[in-house]
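Visitor: Please find the sequence and the predicted model below.
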Amino acid sequence: MAKTRFIKDVGLTARMTLVMFLLGGLFVALIVGLMYAFPSYGILIGLGGIGIAFFQWYTSDKMALRAMRAREVTPEEAPELHGMIDRLCAMADMPKPRVAIADTDLPNAFATGRSPSHSAVCVTTGIMDRLTAEELEGVLAHELSHVAHRDVLVMTLASSAGIIAGMMTRGAQFGGLSLGRSRNNNGGAAGLMIALLVSLVVYAISFFLIRLLSRYRELCADRSGAFLTQKPSALASALQKITGEIAAIPSKDLRSAQTMNAFFIAPAISGAGLKTLTSTHPSLEERLEQLAKVAAELGRPMDGGFPAPGGGQ
Amino acid sequence: MSFWDSLMGRRKPIKANLDALFALPTASITLQTAAGFNPTGVGSVCYREAEGAAFAQTQTDVLELLNADEGPDMEKSTDQYGYTWLLSRQDPSDMSALVTDLHAVNTTLEAHGFGPGLLCSLVGFTDASGRKLGLVYLYKQGTFYPFVPLDGQRRDNVVEIQIRDLIGNDLPIEPQLQRWMPVWGAPGL
């Protein structure tokens, strides 16, 4: 049997499973709460929320590229970038995503799309100027891992409870739910209050859980990307360059990129305070520490030293 | 990739498929008789160097092993994408010796857990007019495709398609044309 240097990170997997389970539970709790408050059309609201989530997921590649004003490039226009992605895809045995370049000095890269065969990888001109070929390749491998893991789908599903809760609070704000009140006087008003309360709580909890999940997905993509290029230190030095540069750039220029933060390789907005709880990306230290572990695993002698009881695994 | 693996964000490195390489000698005879392409006796393996002492040691072992015979030494080079190429030269008439060399590189890398780093292998052919042909083997798919470079980073797609139809019975050919990626200036062409 062929030997592999790939090791499973059991702790990370367990933490991520727990977060996904909690998010699923939150979704069920919200729907049950809505059905209790509005027995007649609670289900409809739930379906509407899922519909919006589905639409976001289905059009994610076009939306994201448009939001970043990115332009799809052909192999003739960007032969180096295409060559790199061609080779990485051949090593990873995955379909090649579309390649786009966003003309902004902000050093960043993101991947988006509803499935590996309908996906796009986008890099900014800023990141191409700042990183060496090896570092850029590490970043691309990280983005390709996002594609392979279907992170857009996972994150959209995870945020559907939050989307519905957000709809509910906004609907109450504009009196869009007054229909229920006029139909059955007192019960409707109480139901509206309950729904509003439940939605607010669900929204708050899902806000933190989604960000936690996002940080775990980033760590997963770092790991897989490092195992793909076999050069964890290239990704580590790229991360150091990018995050260092981003912190140095005034935040005014970055505001237009805010909605895209969840799919960036490094978050574009830096702030203090609740940062660790609410950030979509793990801290640089955490990511570097993990990459160092991967590097140690790659450098370990396979035969001798460690007798592997489970055969090749 | 399974549903569970993608839910867990766990992409295992894809293992390399090494067996199809031994079909090359048969395909080489077909190419000589039907298309006039003769083997140049040059072949190369392209892989990704991993960091760390374990890989450096493995690579040194491979080179020592293959340079132990009296033939020309393996040539090692790095391309502009950061991939390493090991080039082997053998007698043009002895295709199986060349394939054995290439296979030795693969098995050694794989035995030490670096199989996921293998990208492709290339075996060179040329016809009487000096036109070059490379048969490229993709490790992760276990398939071959022909690559016929012209001057100035263009490739002769017509000849490539003809070659595909010729050797389709001898070798597993990559069915997806998008995966027929060019390897400009690859050692061994």
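Guide: Now that the structure is in, tell me what you want to look at.
Visitor: Name the spans of chain B whose pLDDT lies under the cut-off.
Guide: Applying pLDDT under 70 to chain B picks out residues B:1-3, B:10-11.
Visitor: longest helix of it?
Guide: helix B:95-111 (DSSP state H).
Visitor: tell me which residues in that helix are buried?
Guide: If you call a residue buried by 16 or more other Cβ atoms under 10 Å in any protein chain shown, then helix B:95-111 has these buried ones: B:95, B:97-99, B:101-106, B:108-110. (Glycine included, C-beta is placed from N, CA and C.)
Visitor: Name the next helix or strand downstream of that helix, please.
Guide: strand B:118-126 (DSSP states H and E).
Visitor: What strands flank the next helix or strand after that following strand, and is each parallel or antiparallel?
Guide: Using DSSP H and E, the next helix or strand after strand B:118-126 towards the C-terminus is strand B:132-138. Strand B:132-138 has its sheet partners listed here by DSSP bridges as strand B:118-126 (antiparallel), strand B:143-147 (antiparallel).
Visitor: so can I have TSV of those showing mean neighbour count?
Guide: Below are the strands paired with strand B:132-138 laid out as TSV (neighbours: other Cβ atoms under 10 Å in any protein chain shown):
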stretch	mean neighbour count
strand B:118-126	24
strand B:143-147	24
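Visitor: can you list those in CSV and add distance to A:Glu218?
Guide: Converted to CSV, those look like this (distance: least, Cβ to Cβ, whole Å):
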stretch, distance to A:Glu218
strand B:118-126, 26
strand B:143-147, 33
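Visitor: how about the strands in the stretch 101-250 of chain A?
Guide: Shown for the stretch 101-250 of chain A, the strands assigned by DSSP state E, counting those that start in this stretch span residues A:109-115, A:118-124.
Visitor: Would you single out the least confident of these?
Guide: In terms of average pLDDT, strand A:109-115 trails the rest of those, at a mean of 88.
Visitor: Any buried residues in it, and which?
Guide: A:Ala109, A:Phe110, A:Ala111, A:Thr112, A:Gly113, A:Arg114.
Visitor: out of those, who's nearest B:Gln57?
Guide: Closest approach to B:Gln57 among those (Cβ to Cβ): A:Ala109, at 33.7 Å.
Visitor: Provide the backbone phi and psi angles at whichever residue of the stretch 151-300 of chain A sits closest to chain B.
Guide: Here the stretch 151-300 of chain A gets closest to chain B at one residue, A:Gly299, 2.6 Å apart by Cβ to the nearest Cβ. Backbone geometry at A:Gly299, expressed as degrees, to the nearest 10, gives phi -90, psi -10.
Visitor: Could you give the number of residues near it?
Guide: 17 (other Cβ atoms under 10 Å in any protein chain shown).
Visitor: what's the nearest residue to it if we skip its chain neighbours?
Guide: Distances taken as Cβ to Cβ, 6 or more residues apart in numbering or on different chains place B:Gly52 nearest to A:Gly299, at 2.6 Å, with adjacent residues excluded.
Visitor: how deep is that neighbour tucked in, by neighbour count?
Guide: By other Cβ under 10 Å, the residues close to B:Gly52 number 20.
Visitor: so it makes contact with A:Ala295?
Guide: Yes - with contact defined as Cβ atoms under 8 Å, B:Gly52 and A:Ala295 form a contacting pair (6.5 Å).
Visitor: Which per-residue confidence value corresponds to A:Pro267?
Guide: If you check A:Pro267, the pLDDT there is 61.
Visitor: Just give the nearest non-adjacent residue to A:Arg150, would you?
Guide: The shortest distance from A:Arg150 to any non-neighbouring residue, by Cβ to Cβ, 6+ apart, is to B:Ser6 (4.9 Å).
Visitor: what sits against that neighbour?
Guide: A:Ala148, A:His149, A:Arg150, A:Val154 (Cβ atoms under 8 Å, 6 or more residues apart in numbering or on different chains).
Visitor: and the two most separated of the residues you listed?
Guide: Largest separation among the contacts of B:Ser6 by Cβ to Cβ: A:Ala148 and A:Val154, giving 11.8 Å.
Visitor: what residue is smack in the middle of chain B?
Guide: B:Ser121 (0.9 Å; Cα atoms, centre = their mean).
Visitor: Tell me how far that residue lies from chain A.
Guide: 12 Å (Cβ to the nearest Cβ, to the nearest Å).
Visitor: Report the beta-bridge partners for that residue.
Guide: Under the criterion used (DSSP bridges), B:Ser121 bridges to B:Val45, B:Tyr137.
Visitor: tell me, how many neighbours does the closest residue to chain B within the stretch 51-200 of chain A end up with?
Guide: Chain B sits closest to A:Asp93 of the stretch 51-200 of chain A, with a gap of 4.0 Å, by Cβ to the nearest Cβ. A:Asp93 has 20 neighbours, counted by other Cβ under 10 Å.
Visitor: Please state the backbone phi and psi of it?
Guide: As for A:Asp93, its main-chain torsions (degrees, to the nearest 10) stand at phi 50, psi 60.
Visitor: pLDDT wise, what is it at?
Guide: Confidence at A:Asp93, expressed as pLDDT, is 84.
Visitor: Report the contact partners of it.
Guide: A:Asp93 neighbours (Cβ under 8 Å, 6+ apart): B:Ile14, B:Lys140, B:Gln141.
Visitor: Excluding chain neighbours, what is closest to A:Tyr58?
Guide: Among residues not flanking A:Tyr58 along the chain, A:Arg114 sits closest, at 5.5 Å (Cβ to Cβ, 6+ apart).
Visitor: repeat for A:Gly162
Guide: Nearest residue to A:Gly162, sequence neighbours excluded (Cβ to Cβ, 6+ apart): A:Ser206, at 3.9 Å.
Visitor: and if you look at B:Pro146?
Guide: Nearest residue to B:Pro146, sequence neighbours excluded (Cβ to Cβ, 6+ apart): B:Ile163, at 4.0 Å.
Visitor: what about that neighbour, helix or strand, and which?
Guide: Here B:Ile163 is assigned to helix B:157-167, by DSSP H and E.
Visitor: Report all helices and strands that that helix contacts.
Guide: Where contact means 3 or more Cβ pairs under 8 Å, 6 or more residues apart in numbering or on different chains; DSSP states H and E, helix B:157-167 is packed against helix B:24-30, strand B:132-138, strand B:143-147.
Visitor: any idea where the helices of chain A begin and end?
Guide: Assigned by DSSP H, the helices in chain A fall at A:10-37, A:42-58, A:60-67, A:79-92, A:125-130, A:133-148, A:151-158, A:160-173, A:178-183, A:185-229, A:232-248, A:275-278, A:284-299.
Visitor: Just say which of these is most tucked in.
Guide: helix A:133-148 (a mean of 25; mean count of other Cβ atoms under 10 Å in any protein chain shown).
Visitor: what packs against that one?
Guide: On a contact count with 3+ Cβ pairs under 8 Å, 6+ apart, helix A:133-148 meets helix A:79-92, strand A:109-115, strand A:118-124, helix A:125-130, helix A:185-229, helix A:232-248.
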